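> Build the 3D model from these lines:
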Amino acid sequence: MDYALIMAGGSGTRLWPLSRKGMPKQLLPLVHGKTLLQLAFERACTLVDPSRIIVCAGRNHTDAIIDQLPGLDEQNLLAEPVGRDSLAAITWSTATIRARDEDAVVAILGADHVISPVSVFTRTLTKALVLARTDPQALVTCGVVPTSPHTGYGYLQLGEVRQEGVFQVERFAEKPNLATAESYLAQGGWWWNSGMFCFRATTFLDQVQFFAPSVAQGIAVIIDSPELIDEIYPQLTKISVDYAVMEPVSQGRSEATIMTVGLDAQWADVGSFPALAEHLAQDQENALEGPVVTLKAERNLIINRSSQGRLVAVCGTADLIIVEDDDVTLVCSKDQAESIKELVEMARLQGERYV
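All right, here's what the predicted structure looks like:
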């Protein structure tokens with residue numbers, strides 16, 4: 001049967017100080033009064049029955065997730081004792097699903113996406129699930145035709161046409177600099193990597209066994225002896241699924257293949273403030289949220305979530321990110337948005353309460 005796995009373990013440091021260790025971005029009401037996790041669950045419900053939706057997240061966020069997703073079966077909430085990047089999380093979750101259903105086909109979904117219209121998402125992911133079911137060696141990704149030279153997304157290089165709208169993936173590319181991203185658009189044949197995948201559970205786990213045997217073996221022990229998870233999980237190699245499995249498979253280093261289907265929809269990975277700005281209210285020149293006034297200011301993103309009744313007043317600025325929270329004020333130029341992760345580590349030195 002088909003299953004949906006929602007990956008909800010990210011820390012969201014590029015949306016700090018809104019996103020914090022105790023309440024990361026996917027649990028914040030960022031879009032139309034809903035959290036990104038709630039939107040992801042609603043989309044997953046268009047693919048499979050809610051009883052076959054799995055959420056993998058950090059253990060310290062389980063109470064919030066249960067509150068936000070009343071339709072989620074609590075036995076389908078997998079709580080990581082620590083974060084070990086996407087390979088460990090996807091392998092553990094996929095192995096858990098296969099233990100319930102040896103013939104499972106799994107759609108890997110992000111908890112930080114905004115996709116419109118949902119009907120296109122449903123049609124595309126259904127197509128990807130069918131491809132994964134009919135081709136035992138296929139790991140299927142969903143690619144998005146780029147609309148700009150975005151430096152915050154990974155990219156897929158398209159290869160041979162397999163069928164209408166389906167391509168073999170020649171190469172995965174990590175987040176590029178601006179010049180490289182511009183060259184991708186000029187060349188054509190490059191799509192954004194949405195981070196969504198579909199595959200047979202057994203096919204994926206075979207690839208993990210081949211490329212990352214220590215992770216596969218550790219997860220196998222956890223599946224057989226769940227009480228050992230706190231001992232074993234923190235020792236698993238911390239690496240992304242792209243680096244560990246998807247990239248080497250695309251290089252022809254195993255019998256599996258990477259295919260991609262195009263997601264012809266408005267898609268955004270809301271992992272940074274520039275991405276979030278597209279979903280906020282606009283005055284004539286700025287993206288705004290909360291009590292804010294502006295004068296002679298343009299192209300700014302200004303968010304005021306202070307609970308102290310403070311007003312944020314901005315004059316004579318352009319291309320800034322300004323975020324006011326109860327205990328942190330962030331001011332950052334838009335072109336430095338990717339550096340906020342480094343700023344978080346500097347803030348940590350001032351006290352854990354700030355992060």
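
> all strands for the stretch 151-300 of the chain, in order.
Across the stretch 151-300 of the chain, reading from the start of the chain, the strands by DSSP state E, counting those that start in this stretch fall at 155-163, 166-173, 190-200, 257-262, 266-269, 281-282, 287-289, 292-295.

> Adjacent strands (with direction) for the last one?
Applying DSSP bridges to the sheet, strand 292-295 is found paired with strand 312-315 (parallel).

> taking the strands of the stretch 151-300 of the chain together, which one is wrapped up most tightly?
Neighbour counts averaged per stretch over these are highest for strand 190-200, at a mean of 25; criterion: mean count of other C-beta atoms under 10 Å. Yep, even glycine has a C-beta here, placed from its N, CA and C like the rest.

> Would you convert the strands of the stretch 151-300 of the chain into CSV that also reports distance to Thr141 and mean pLDDT?
Shown next, in CSV, are these (distance: least, C-beta to C-beta, whole Å; pLDDT from 0 to 100):
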stretch, distance to Thr141, mean pLDDT
strand 155-163, 6, 92
strand 166-173, 6, 92
strand 190-200, 5, 95
strand 257-262, 4, 96
strand 266-269, 13, 88
strand 281-282, 33, 78
strand 287-289, 30, 92
strand 292-295, 39, 96
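
> how about those strands, which one is nearest His32?
Each of the strands of the stretch 151-300 of the chain was scored for nearness to His32 using C-beta to C-beta, and the closest is strand 281-282 (10.8 Å).

> what's the pLDDT at the nearest residue to Gln26 once chain neighbours are set aside?
With C-beta to C-beta, 6 or more residues apart in numbering as the measure, Ala111 is the residue that lies nearest to Gln26, at 4.1 Å, once sequence neighbours are left out. The predicted structure scores Ala111 at 95 on the pLDDT scale.

> if I read this right, Ala111 contacts Arg43, doesn't it?
No - in this structure, Ala111 is not within contact of Arg43 by C-beta atoms under 8 Å, at 10.4 Å.

> Which one's more surrounded, those two?
Ala111 (26 against 19; other C-beta atoms under 10 Å).

> any idea how far the more buried one lies from Gly12?
The span separating Ala111 from Gly12 equals 10 Å under the rule C-beta to C-beta, to the nearest Å.

> Leu263 too?
Between Leu263 and Gly12 the distance is 22 Å, computed by C-beta to C-beta.

> before we move on, what about Trp191?
For Trp191 relative to Gly12 (C-beta to C-beta), the value is 24 Å.

> next one: Arg200
Taking C-beta to C-beta as the measure, Arg200 falls 31 Å from Gly12.

> if we can go back for a sec, now for the strands of the stretch 151-300 of the chain, which one comes closest to Val314?
Of all the strands of the stretch 151-300 of the chain, the one in closest proximity to Val314, counting by C-beta to C-beta, is strand 292-295 (4.9 Å).

> Residues contacting stretch 13-28, please?
Stretch 13-28 has contacts (C-beta atoms under 8 Å, 6 or more residues apart in numbering) with 8, 10-12, 30, 35-37, 40, 58, 60-61, 64-65, 68, 111-112, 270-273, 276, 303, 305, 323, 325, 327-328, 330, 337-338, 340-341, 343-344, 347, 352, 354-355.

> Okay, and which of these map to strands?
Residues from these lying in strands, with DSSP state E as the criterion: 30, 35, 58, 303, 323, 330.

> So in terms of bridging, what pairs with the last one?
Leu330 has these beta-bridge partners by DSSP bridges: Val323.

> Least confident secondary structure element in this protein?
Between all helices and strands in the chain, the lowest mean by mean pLDDT, DSSP states H and E belongs to strand 281-282, at a mean of 78.

> partners of it, with directions?
With DSSP bridges as the criterion, the sheet partners recorded for strand 281-282 are strand 287-289 (antiparallel).

> List only those of the contacts of stretch 13-28 flagged as buried.
Among these, those that count as buried by neighbour count (16 or more other C-beta atoms under 10 Å) are 8, 10-12, 30, 35-37, 40, 58, 61, 64-65, 68, 111-112, 270-273, 276, 303, 323, 325, 328, 330, 337, 340, 343-344, 347, 354-355.
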